[in-house]
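1. Output the structure for:
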Amino acid sequence: MNNQKVALVTGASSGIGKEIAKKLLSDGLVVYVAARRVEKMQDLESLGAIALKMDITSEADIIQVVETITQENNGVDVLVNNAGFGSYGAVEDTSIDDARYQFEVNLFGLAALTQKVLPHMRGQRSGTIINISSMGGKMYTPLGAWYHATKYALEGWSDCLRLELEPFGIDVVIIEPGIINTEFGDVMTGPMMERSGNSAYSKLARAMEKSAQESYEKGSGSSPTVIADTVARAVRMKKPRPRYAVGSMAKPLIFLRWLLSDRLFDKAVMSQVK
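-> Just a heads-up that it's a prediction; the model follows:
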């Protein structure tokens, strides 16, 4: 009988997802990796991962991925919901279609996939669901209204899910990365400048672009391996903590948000955007 745990990592074509997949492979799990850019996961396949093409906003893709894993390995024991991105731009400049897409990727797609893996986990009365949130689920930055809205929602959704699944022996863990050296900065600033670079919010957009460049392009962030190591540790633990704040500035900024009043935190944030 094969006792290897079976993991599914979404958004594994780059950054945090790719490092999580590598770490779980090195820990001996059977690892499925899923992303739209399947060609970007060939390195993971060479390490033993099984790559599947999946757009997290496509229910048909989600069903196909879960059916494939179920046929080959009975089901998913460890789900790492990592796929996501940051859509920045002034609320006034961001179309509702773009806002909906942000929620489709960062929350509803993740939720649809989770629903599909739960019957197997409930049946075996064990499983681990790891949701990659952000320190942005506990604090906020200018021009990030829709991104932060999805992460705040993910935090609450995950807490409720943990209560629902505890009787079935299923753990729900939230990871709150800080500043991590990934494509996040580029993905965030490009569309932000397209939306707000020439609008009434252009001054703020340029300041945010400069701040993001300083945060992500000068090596001040943490390696994505710190997130991978935390995920692997949570998977190994019999009783993992409900949430982990990990990486550059995560714990200090979450603490500052807890400590300061809304107005004082506003001033602290805006003092860094000039």
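2. Am I right that residue 173 sits in a strand?
-> Yes - assessed with DSSP: H, G, I helix; E, B strand; the rest coil, residue 173 lies in a strand.
3. and the helix ranked longest in the chain, which residues are buried?
-> Determined from DSSP state H, the single longest helix within the chain is helix 145-165. Neighbour counts using 16 or more other C-beta atoms under 10 Å place 145-155, 157-158, 161-162, 165 of helix 145-165 among the buried residues. C-beta: built from backbone N, CA, C; applies to glycine.
4. Let me know the closest of those residues to residue 222.
-> Taking C-beta to C-beta as the measure, residue 222 lies nearest residue 151 of the buried residues of helix 145-165, at 17.9 Å.
5. who touches the longest helix of the chain?
-> 84, 86-88, 91, 94, 98-99, 102-103, 106-107, 110-111, 114, 118, 121-122, 127, 129, 131, 133-134, 136-138, 140-141, 171-172, 174, 188, 242 (C-beta atoms under 8 Å, 6 or more residues apart in numbering).
6. how near is residue 234 to residue 80?
-> Distance of residue 234 to residue 80, computed by C-beta to C-beta, to the nearest Å: 10 Å.
7. Settle it for me: which of these two has more neighbours?
-> Each of residue 234 and residue 80 has its neighbours counted (other C-beta atoms under 10 Å); residue 80 has more, 30 against 22.
8. which SS class is that one?
-> Under three-state DSSP, the three-state class of residue 80 is strand.
9. For it, name its beta-bridge partners.
-> Counting by DSSP bridges, residue 80 forms beta bridges with residue 9, residue 130.
10. contacting residues for it?
-> Neighbouring residues of residue 80 by C-beta under 8 Å, 6+ apart: 7, 8, 9, 10, 17, 20, 24, 130, 132, 231.
11. mind running it again at 7 Å?
-> 7, 8, 9, 10, 20, 130, 231 (C-beta atoms under 7 Å, 6 or more residues apart in numbering).
12. Sticking with residue 241, tell me its helix or strand.
-> For residue 241, there is no host helix or strand (DSSP states H and E).
13. Please apply the same query to residue 62.
-> Per DSSP H and E: helix 59-73 holds residue 62.
14. mind listing what's buried in that helix?
-> Neighbour-count burial for helix 59-73 [16+ other C-beta under 10 Å]: 61, 62, 65, 66, 69, 70, 73.
15. confidence score at the nearest residue to residue 250 once chain neighbours are set aside?
-> Nearest non-adjacent residue to residue 250, counting by C-beta to C-beta, 6 or more residues apart in numbering: residue 178, 3.1 Å away. We have a pLDDT of 96 for residue 178.
16. And for residue 219?
-> We have a pLDDT of 67 for residue 219.
17. re earlier: for the buried residues of helix 145-165, which one is nearest residue 255?
-> residue 155 (16.0 Å).
18. Can you check what pLDDT the model gives that closest one?
-> 98.
19. And the nearest residue to residue 132 once chain neighbours are set aside, how far from residue 14?
-> Sequence neighbours aside, residue 82 is the residue nearest to residue 132 in space, at 4.5 Å (criterion: C-beta to C-beta, 6+ apart). Using C-beta to C-beta, one gets 10 Å for the distance from residue 82 to residue 14.
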